[in-house]
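J.: Sequence below, structure please.
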Amino acid sequence: MLPIKKGCVGRRVVCHACTGLSKRLLGLKMHGSDAARPLKSRRSGPLRGTAAIPGDKSISHRALILGALTVGETRITGLLEAEDVLNTAQAMRAFGAQVVRGAAGEWMVHGTGVGGWAEPENVLDFGNSGTGSRLVMGAMATTAITAVFTGDASLRGRPMARVLDPLQLFGATYTSRVGGLMPVTLSGAELSICVDHKVEVASAQVKSAMLLASLNAPGRSRIEQGELTRDHTEKMLAAFGAKISVEALPHGEAIHVTGEVELVPCTVDVPRDPSSAAFALVAALIVPGSDVRIPSVLLNPRRAGLVQTLIEMGADIVVENERESGGEKIGDLSVRASTLKGIDVPPERAPSMIDEYPILAVAAAFAEGRTVMHGVEELRVKESDRLSAITAGLKANGLVTAETRNSLTVEGRGLGGVPGGARVATHLDHRIAMSFLTMGLASKNPVSVDDISMIATSFPEFEKLMRDLGGDFQVVNA
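T.: Alright, predicted model coming up:
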């Protein structure tokens, strides 16, 4: 186990020694601190082998936060050791929790209990992480402390009012730049109250922030959503001993949480991230002759929209060894190169694959016929205006495509028919970078992206993993 620097545990400071130690051991170059790193991908031979995808980012964030809200030791295995998650770990230290890294992916969190967080003495920098920042806002909103939240240029341009305004219902207050933009100063409620609120946007982040805020609000809070979004927070709250129940509604559901209940520590085994697995999955489908195995992937039905969609498009994907771990469904994927066809993707599927639309658009480019993706307006408030970034990248690489406010249409060129040849602007968006690098592995001409440094926010192993499967990448001059 790694030592903790003497004097850092339990203090209301950001312990740069602990975080610096973790980052040096992981060999990460943190996003925003380095010059742009362009990269080019070229048509590859068949991809073969096993893709050991890192742990799920959504579950990793939540495990750290709930561990910090628990009295006692929470053990986490398989934690995603990427920049976004490390920033959440650092924030938990700043609130007074003890967060220690053991072996690779193994972490221990000694929390301070619900309502027990201390006020940070420094600004909390979440880098590129909308999930980490928004969930932590919820977790502290009903504790009478004040914290300042900021992030990189991308995060500072993303809307925070969508989560901050509902948190005011509990008694929290905030100030921000115009439009609810970071930096944000959030003051938790002096006397918190429970709420009954319907979340108007299909956002697991907004819903989860409110569920976490409910933990320190007296009485029972009711959070309703009209569309089903990822439910990792609900599952994990139950595992940590929260009094939580889910009420099915004709449209959506309502989650009930009883506040001021002490959480109990538990062990969290983080499954592999389906959003990261998506790149190896699609690469295996579009590179002729490929045969790739992706073990132990999270198959939560509310995260499996991409697999369902690709199978409808004709993908040869076999799910094997299905099992359950920590209340989550997982399984092994066997993927072979396939002839894909264009389809209509219904809007109700969007919440289950909202992060996978960039790579789905790449798959659609290699399909035969037209693919139309409906209900994708949430892409406009991701790390970039992701919908416009996808459209621009596809057009630059010879595809015919069109976007509306809430839809994306791609005219497929079939396997081997995508021209490629362009340099894509990533707009500091890791999923745009990884998606178009995947495209270049099967296009006629190489595809390059202007920067890969931000990939460390979610999938630092991406380049090595894809090279190990047989992907052809080449460093280019900035």
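
J.: Please point out which parts of stretch 444-454 sit buried.
T.: 446-454 (16 or more other C-beta atoms under 10 Å). In short, each C-beta sits where N, CA and C put it, glycine included.

J.: Hmm, I typed the wrong one, I wanted stretch 277-292.
T.: Result for stretch 277-292 [16+ other C-beta under 10 Å]: buried residues 277-287, 290, 292.

J.: same deal with stretch 117-131?
T.: Buried residues in stretch 117-131, defined by neighbour count with 16+ other C-beta under 10 Å: 117-120, 124-131.

J.: starting at the chain centroid, how far to that stretch?
T.: Relative to its chain's centre, stretch 117-131 lies at 17 Å (C-alpha atoms, centre = their mean, to the nearest Å).

J.: starting at the chain centroid, how far to stretch 215-230?
T.: 21 Å.

J.: What of stretch 43-61?
T.: Its chain's C-alpha centre and that of stretch 43-61 lie 14 Å apart, by C-alpha atoms, centre = their mean.

J.: That stretch - what's its average pLDDT?
T.: Averaged over stretch 43-61, pLDDT sits at 97.

J.: Could I get the CA-only coordinates of that stretch as CSV?
T.: The C-alpha coordinates for stretch 43-61 follow below in CSV (Å, rounded to 0.1, in the frame of the first residue of the first chain):
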residue,chain,number,x,y,z
ARG,A,43,-5.8,1.3,-42.6
SER,A,44,-4.8,-1.7,-40.6
GLY,A,45,-4.6,-5.4,-41.0
PRO,A,46,-7.1,-7.6,-39.1
LEU,A,47,-7.4,-6.7,-35.4
ARG,A,48,-7.0,-9.7,-33.2
GLY,A,49,-6.7,-10.4,-29.5
THR,A,50,-8.3,-9.5,-26.1
ALA,A,51,-9.1,-5.9,-25.3
ALA,A,52,-8.7,-5.4,-21.5
ILE,A,53,-10.8,-2.2,-21.2
PRO,A,54,-10.3,-0.2,-18.0
GLY,A,55,-13.0,0.3,-15.3
ASP,A,56,-16.2,2.1,-15.8
LYS,A,57,-15.9,5.8,-15.3
SER,A,58,-19.5,6.4,-14.1
ILE,A,59,-19.2,3.8,-11.4
SER,A,60,-15.7,4.9,-10.4
HIS,A,61,-16.8,8.4,-9.7
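
J.: where exactly do the helices run in the stretch 351-478 of the chain?
T.: With DSSP state H, counting those that start in this stretch as the criterion, the stretch 351-478 of the chain has helices at 357-365, 386-396, 430-440, 462-469.

J.: so can I have TSV of those helices showing distance to residue 237, mean neighbour count and mean pLDDT?
T.: Formatted as TSV, the helices of the stretch 351-478 of the chain follow (distance: least, C-beta to C-beta, whole Å; neighbours: other C-beta atoms under 10 Å; pLDDT from 0 to 100):
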stretch	distance to residue 237	mean neighbour count	mean pLDDT
helix 357-365	28	28	98
helix 386-396	29	22	96
helix 430-440	27	29	97
helix 462-469	31	18	98
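
J.: one step back: just the buried residues of stretch 117-131 now: which is nearest residue 241?
T.: residue 117 (18.2 Å; C-beta to C-beta).

J.: residue contacts, the closest residue in space to the closest one that isn't next to it in sequence?
T.: Using C-beta to C-beta, 6 or more residues apart in numbering and skipping residues adjacent in sequence, the residue nearest residue 117 is residue 95, 4.0 Å away. Residues in contact with residue 95 (C-beta atoms under 8 Å, 6 or more residues apart in numbering) are 12, 68, 112, 117-118, 120, 140, 147.

J.: State the distance from residue 95 to residue 359.
T.: Distance, residue 95 to residue 359, by C-beta to C-beta, to the nearest Å: 35 Å.

J.: Kindly report the same for residue 226.
T.: According to C-beta to C-beta, residue 226 and residue 359 sit 27 Å apart.

J.: same check, this time on residue 91
T.: Residue 91 is 29 Å from residue 359, by C-beta to C-beta.

J.: Report how many residues lie close to residue 405.
T.: For residue 405, the count of nearby residues is 8 (other C-beta atoms under 10 Å).

J.: between the contacts of residue 95, which is nearest residue 323?
T.: Of these, the one sitting nearest to residue 323 (C-beta to C-beta) turns out to be residue 68, at 28.8 Å.

J.: Now do the contacts for that closest one.
T.: Residue 68 is in contact with 92, 95, 97, 99, 109, 111-112, 117, 139, counting by C-beta under 8 Å, 6+ apart.

J.: Can you give me the pLDDT of it?
T.: 98.

J.: now residue 321
T.: If you check residue 321, the pLDDT there is 95.

J.: same question, residue 7
T.: For residue 7, the pLDDT comes out at 29.

J.: just to revisit the earlier point, of all the buried residues of stretch 117-131, which comes closest to residue 186?
T.: Nearest to residue 186 among the buried residues of stretch 117-131 is residue 124, at 9.6 Å by C-beta to C-beta.

J.: Now do the same contact list for that closest one.
T.: So residue 124 contacts 14, 90-91, 94, 133, 136, 147-150 (C-beta under 8 Å, 6+ apart).

J.: make it 6 Å
T.: Residues in contact with residue 124 (C-beta atoms under 6 Å, 6 or more residues apart in numbering) are 91, 147, 149.

J.: So what pairs up with it in the strands?
T.: residue 149 (DSSP bridges).

J.: Start at 41, not 1
T.: Okay, residue one is now 41; in that scheme the one you just asked about reads as residue 164.

J.: ok, now how distant is it from residue 460?
T.: Residue 164 sits at a distance of 41 Å from residue 460 (criterion: C-beta to C-beta).

J.: Heading C-terminal from the helix or strand hosting residue 89, find the next helix or strand.
T.: Applying DSSP states H and E as the criterion places residue 89 in strand 88-90. Beyond strand 88-90 on the C-terminal side, the first helix or strand identified by DSSP H and E is helix 97-108.
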